[in-house]
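> Everything below, folded, please.
(one chain, ligands or ions: 1)
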Amino acid sequence: MNAQGRTKLNQTPEWAALAEHREAFGRTHLRQLFADEPERGSAYTLTVGDLHVDYSKHLVTDETLRLLRGLADATGVAGLRDAMFRGEKINTTEDRAVLHTALRAPRDAVIEVDGENVVPAVHAVLDKMAAFSERVRAGGWTGHTGRPVKNVVNIGIGGSDLGPAMAYEALRSFTDRSLTVRFVSNVDGADLHEAVRDLDPAETLFVVASKTFTTIETITNATSARDWLLTELKAGQEAVARHFVALSTNAEKVADFGIDTANMFEFWDWVGGRYSYDSAIGLSLMIAIGPERFREMLDGFHLVDEHFRTAPAEENVPLLLGLLGIWYGQFFDAQSHAVLPYSHYLSKFTAYLQQLDMESNGKSVDRDGAPVEWQTGPVVWGTPGTNGQHAYYQLIHQGTKTVPADFIGFASPVHDLLPGLIAQHDLLMANFFAQTQALAFGKTPDEVRAEGVPEELVPHKTFRGNHPTTTILADRLTPSVLGQLIALYEHKVFVQGAVWNIDSFDQWGVELGKVLAKKIEPVLTEGTGGENLDSSTAHLVETYRSLRGR
Ligand code: F6P
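Sure thing, here's the model as predicted:
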């Protein structure tokens, strides 16, 4: 029992049943599972919106899935989900509601936080964003010198960067190509330097994105951007209003920075940073793709929200994906999870998911603060195919680790420039299908021998297979489909956090490094305050200072 009166996860009968089932499952091979059930491919496919989700290449039977759903029931996943959608403060360590689902709710929805319907405010901000975006896109937003803005530079980090940056790449073919849109996040000055070095300041708008408006990287970069702009334009503070807008929950800090709060686009403390790119944080994206496309994306999110909220457990895709991850993490000792999109446009998708998943579920105490006795969130990694095939797929195919993987692909390309490039798409997708096939079924020693391979090379050329994968297939990577995909992963992460009984919506683990960096900075610059440093850090700092000639 824990302090909430809940039986600990690993002491529930459902956990014990799964452990026993795992024992019996042993080394059952996917070859066997497919032989036993000839229609497994279609039987183990679910559809949500435009997404076809094939989970047949997983090390599961109907019994496994039934037991996993039993674990979800026993751990109250559905109850917590409903509490989230109702606006209850399920982020207990920060005493906050978790309502990113309200950001994509229809205009007439009613969702209350502390007795107040938040939906009208959400739509008021969306409307304000739309009007501003249209103005910029039409050349009607002019800079200090009267020239229209043509360059948009988003300055933010973490959730205030990864989401819009990822979505901008993903939806590039829907963007206004006459605009230059860039994203600056790193406090390494090289990032800002490279972003602005070839831009005309008179035509540049900085979008400063920060929920708290206190994040050191963002405020430092925004300050440097302001210095650059005013110096280049030979202008005073009055130029800031035409070249800086803010996306934040903190009007006071925005005003302190010198940004007119009329040019601030608001969001709320019930939107977690990593769940925020469909809020005001998406302004740069909206400028790039236009309000109509942005709303299509929100509709895609909402479609999956509704599916997650209402679909029966047997058909509930986020629930299924979350439970599959738990199956491998708890019972196969899988430490990581690869996300492998076969779309160049999704080049930043996995980096985005890293924050979503790892900042949410990288926890080792439960909701009461007691240490968890089970594995929590996996290491999420991956890059677009086919590039990864020529790099790390070797380890997935023939290494010693279990790496469950998601393959995401599309039937039709969204670029339409050259017929030759369209034809390349079949080659891309042939690789996409081939990889999950190879991972699942492998190649037996006998099959290798039958090819005349010398006996000493047979072990090297054998593929044991049995590597679990999910295949997510859609027609095209549209704004709606992107929204659907993101919501799918958001809710998958939710399901896992609920089962593990952790708070998926706080991020205390990022604090210590921030505090220590603040203490170390004066040691680097002034050489003072380093008395209490450990000997390793002290020596490194000393070496750094001497290399800098200090
Ligand atoms: O340091 C982690 C974090 O708080 C993330 O959760 C957040 O997305 C990021 O920093 C940026 O925070 P902000 O939007 O307040 O600048």
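> quick one: residue 31 from residue 395, how far?
As defined by C-beta to C-beta, to the nearest Å, residue 31 lies at a distance of 22 Å from residue 395. Where C-beta positions appear, they are placed from N, C-alpha and C, glycine not excepted.
> Repeat that for residue 412.
From residue 412 to residue 395 the distance is 31 Å (C-beta to C-beta).
> Distance of residue 136 relative to the ligand?
22 Å (C-beta to the nearest ligand atom, to the nearest Å).
> Tell me how many other residues crowd that residue.
Using other C-beta atoms under 10 Å, residue 136 has 23 other residues around it.
> and what of residue 323?
So residue 323, with other C-beta under 10 Å, has 25 neighbours.
> My read is that it contacts residue 70, right?
No: applying C-beta atoms under 8 Å as the test, residue 323 and residue 70 come out as separate, 10.0 Å apart.
> Can you name the residues of this protein that neighbour the ligand?
157-160, 210-212, 215, 218, 273-274, 359, 507, 510 (C-beta under 6 Å from any ligand atom).
> from the residues you listed, which would you call buried?
157-160, 210-211, 215, 218, 273-274, 359, 507 (16 or more other C-beta atoms under 10 Å).
> Would you mind giving those as JSON lines with pLDDT added?
Below are those laid out as JSON lines (pLDDT from 0 to 100):
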{"residue": "157", "pLDDT": "98"}
{"residue": "158", "pLDDT": "98"}
{"residue": "159", "pLDDT": "97"}
{"residue": "160", "pLDDT": "98"}
{"residue": "210", "pLDDT": "97"}
{"residue": "211", "pLDDT": "95"}
{"residue": "215", "pLDDT": "96"}
{"residue": "218", "pLDDT": "97"}
{"residue": "273", "pLDDT": "97"}
{"residue": "274", "pLDDT": "98"}
{"residue": "359", "pLDDT": "98"}
{"residue": "507", "pLDDT": "97"}
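> Which part of the stretch 301-450 of the chain gets nearest to the ligand, residue-wise?
residue 359 (5.8 Å; C-beta to the nearest ligand atom).
> I misspoke; the intended subject was the stretch 251-400 of the chain.
Checked against the ligand (C-beta to the nearest ligand atom), the nearest residue in the stretch 251-400 of the chain is residue 273, 2.5 Å away.
> Next secondary structure after the lowest-mean-pLDDT helix or strand in the chain?
Scoring the helices and strands of the chain by mean pLDDT, DSSP states H and E places helix 419-441 at the bottom, with a mean of 92. Later in the chain than helix 419-441, the nearest helix or strand by DSSP states H and E is helix 445-450.
> Pull out the buried residues from that next one.
residue 448.
> One more: stretch 43-58?
44, 46, 48-51, 53-58.
> repeat for stretch 185-204
185, 187, 191-192, 195-196, 199, 201-204.
> Also stretch 480-488?
480-488.
> hmm, back to that, sort out for me which of the buried ones among the residues of the chain next to the ligand are in helices.
residue 218 (DSSP state H).
> Which single residue in the stretch 451-550 of the chain comes nearest to the ligand?
Taking C-beta to the nearest ligand atom as the measure, the stretch 451-550 of the chain has residue 510 as its residue closest to the ligand, at 3.8 Å.
> for that residue, what are its contacts?
Residues near residue 510 by C-beta atoms under 8 Å, 6 or more residues apart in numbering: residue 359.
> For residue 268, see how far away it is.
For residue 510, the distance to residue 268 - C-beta to C-beta - is 21 Å.
> returning to what we had before: could you single out the nearest of the buried ones among the residues of the chain next to the ligand to residue 100?
residue 274 (9.2 Å; C-beta to C-beta).
> List the contacts of the residue nearest the centre of the chain.
When C-alpha atoms, centre = their mean is applied to the chain, the residue found nearest the centroid is residue 353 (2.5 Å). Going by C-beta under 8 Å, 6+ apart, residue 353 touches 339, 380, 489.
> Need the residues that contact the host helix or strand of residue 121.
Element membership for residue 121, per DSSP H and E: helix 119-137. For helix 119-137, the surrounding residues in contact (C-beta under 8 Å, 6+ apart) are 102-103, 105, 107-111, 140-141, 149, 152, 176, 179, 205, 245, 265-268, 279-280, 282-283, 286-287, 290-291, 294-295, 298.
> from the middle of its chain, how far away would the helix or strand where residue 207 lies be?
For residue 207, the host element (DSSP H and E) is strand 204-209. With C-alpha atoms, centre = their mean, to the nearest Å as the basis, strand 204-209 stands 22 Å off its chain's centre.
> tell me the angle that strand makes with helix 119-137.
Strand 204-209 and helix 119-137 meet at an angle of 160 degrees, taking axes from the mean of the first three to the mean of the last three C-alpha atoms, to 10 degrees as the criterion.
> which helices and strands sit right next to strand 204-209?
strand 151-155, helix 216-233, helix 240-243, strand 244-248, helix 283-289 (3 or more C-beta pairs under 8 Å, 6 or more residues apart in numbering; DSSP states H and E).
> tell me which residues in that strand are buried?
Buried residues in strand 204-209 (16+ other C-beta under 10 Å): 204-209.
> ok, those residues vs residue 118, which is closest?
Looking across the buried residues of strand 204-209 and measuring by C-beta to C-beta, the closest to residue 118 is residue 209, at 20.3 Å.
> What's the separation between the residue of the stretch 451-550 of the chain closest to the ligand and residue 273?
Counting by C-beta to C-beta, the gap from residue 510 to residue 273 is 10 Å.
> just checking, residue 158 touches residue 275?
No: contact criterion C-beta under 8 Å: residue 158 and residue 275 do not qualify, at 11.4 Å.
> Out of the contacts of residue 353, list just those in helices.
Short answer: these in helices (DSSP H) are residue 489.
> Is it possible to get TSV of the contacts of residue 353 that adds neighbour count, distance to residue 136 and pLDDT?
Output for those, formatted as TSV (neighbours: other C-beta atoms under 10 Å; distance: C-beta to C-beta, whole Å; pLDDT from 0 to 100):
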residue	neighbour count	distance to residue 136	pLDDT
339	24	33	98
380	23	34	98
489	21	30	98
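> Distance of residue 381 relative to residue 395?
From residue 381 to residue 395 the distance is 11 Å (C-beta to C-beta).
> Between the two, point out the one with more neighbours.
A count of neighbours by other C-beta under 10 Å puts residue 381 above the other of residue 381 and residue 395, at 19 against 12.
> Pull the contacting residues for the closest residue to residue 479 other than its chain neighbours.
With sequence-adjacent residues excluded and distances taken as C-beta to C-beta, 6 or more residues apart in numbering, residue 479 is closest to residue 297, at 3.8 Å. Applying C-beta under 8 Å, 6+ apart to residue 297 gives the contacts 167, 171, 278, 289, 479-480, 482-483.
> mind running it again at 6 Å?
479, 482-483 (C-beta atoms under 6 Å, 6 or more residues apart in numbering).
> what helix or strand is the residue nearest to the centre of the chain on?
Residue 353 belongs to helix 349-353, assigned by DSSP H and E.
> what packs against whatever helix or strand comes next after that helix?
Once helix 349-353 ends, the next helix or strand along the chain (criterion: DSSP H and E) is helix 360-361. Applying 3 or more C-beta pairs under 6 Å, 6 or more residues apart in numbering; DSSP states H and E, one finds that helix 360-361 contacts helix 479-500.
> just so I have it, where are all the strands in this structure?
45-48, 51-54, 112-113, 116-117, 151-155, 180-184, 204-209, 244-248, 264-266, 336-341, 379-381, 405-410, 469-474 (DSSP state E).
> closest to residue 463 out of these?
strand 469-474 (13.8 Å).
> quick one: that closest one to strand 405-410, angle?
Using the same axes, to 10 degrees: strand 469-474 against strand 405-410 is 20 degrees.
> Between all of the buried residues of stretch 185-204, which two are at the greatest distance?
187 and 202 (26.4 Å).
> So for stretch 79-98, what gets flagged as buried?
80-81, 83-85, 87, 89-91, 94, 96-98.
> Apologies, that question was intended for stretch 24-37.
Going by 16+ other C-beta under 10 Å, stretch 24-37 has these buried residues: 25, 29-30, 33-34.
> Since that was my last question, I'll sign off now.
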